[in-house]
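> Sequence first, then the predicted structure:
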Amino acid sequence: MKTVKLAAIAALILPATAMVAIAAAPADVIKARQDNFKIMGKAMKGTMDEFKLPSPNPAVVKANANALAAAAVKVKGGFPKGTGAETGVKTDALPVIWQKPADFKAADAKMAAAAKAFQAAANTGDLAKMQAAAGAVGQTCKGCHDTFRKPRS
């Protein structure tokens with residue numbers, strides 16, 4: 001009986017929780033996606049800095065690959081309609097994200113796949129494989145930045 005009551009409560013709470021997430025203020029959505037991109041940027045910078053060392057530490061690269069892969073899958077939901085520059089919140093997201101959603105979705109999928117491949121390479125412990133996979137991630141990042149993000153000066 002107790003299990004049935006808990007299931008009933010969960011059935012009521014979960015949709016309400018989802019509605020709160022859907023109804024999040026555009027500023028909150030923008031901040032969350034910017035925070036996620038900061039995690040990704042920090043992981044990429046940490047990886048590239050590690051590769052510049054005379055003896056890169058595979059454990060450091062692996063930690064960065066794990067952080068990057070975890071953040072990469074969150075990009076997908078970070079751009080709902082109504083969270084662009086029209087909100088008045090500072091964002092580097094260009095309108096083309098919403099004008100060409102299929103193109104953005106494809107670029108996002110490519111980046112997420114590259115991040116997952118980097119994570120797999122990092123799990124091998126082979127620095128050469130890690131470096132090649134990290135380079136592939138960097139290329140997908142650049143592709144998105146060139147098309148979907150305002151240039152930074």
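Nice, I can see it. Quick caveat, the model's predicted, so the values are computed rather than measured.

> quick one: secondary structure of Pro80?
coil (DSSP: H, G, I helix; E, B strand; the rest coil).

> where's it relative to Pro26, distance?
Pro80 sits 8 Å away from Pro26, taking Cβ to Cβ, to the nearest Å as the criterion. No exception for glycine: its C-beta is placed from N, CA and C like everyone else's.

> Over to Val73?
Val73 is 22 Å from Pro26, by Cβ to Cβ.

> now do Arg149
Counting by Cβ to Cβ - Arg149 and Pro26 are separated by 18 Å.

> related to what we said a few turns ago, more neighbours, Val73 and Pro26?
Pro26 (17 against 14; other Cβ atoms under 10 Å).

> Leaving out sequence neighbours, find the closest residue to the more buried one.
Thr87 (4.3 Å; Cβ to Cβ, 6 or more residues apart in numbering).

> Can you list phi and psi of the one you found for me?
phi -80, psi -20 (degrees, to the nearest 10).

> How about the secondary structure of the residue sitting nearest the centre point of the chain?
Nearest to the mean C-alpha position of the chain, by Cα atoms, centre = their mean, lies Ala72 at 3.0 Å. Here Ala72 is helix, with the state taken from three-state DSSP.

> which residues of this structure score low on pLDDT?
The model of the chain has pLDDT under 70 over residues 1-23.

> mind listing the helices in it by residue range?
2-22, 26-51, 58-75, 96-99, 101-124, 127-148 (DSSP state H).

> counting contacts, what elements does the last one pack onto?
Other elements packing on helix 127-148 under the criterion 3 or more Cβ pairs under 8 Å, 6 or more residues apart in numbering; DSSP states H and E are helix 26-51, helix 58-75, helix 96-99, helix 101-124.

> And the third one, what's buried?
Buried residues in helix 96-99, counting neighbours by 16 or more other Cβ atoms under 10 Å, are found at 97-98.

> Give me the distance from that helix to the chain's centre.
18 Å (Cα atoms, centre = their mean, to the nearest Å).

> what do you get for the longest one?
For helix 26-51, the gap between its own C-alpha mean and the chain's C-alpha mean amounts to 8 Å (Cα atoms, centre = their mean).

> Mind giving me the packing neighbours of it?
Using 3+ Cβ pairs under 8 Å, 6+ apart: helix 26-51 touches helix 58-75, helix 127-148.
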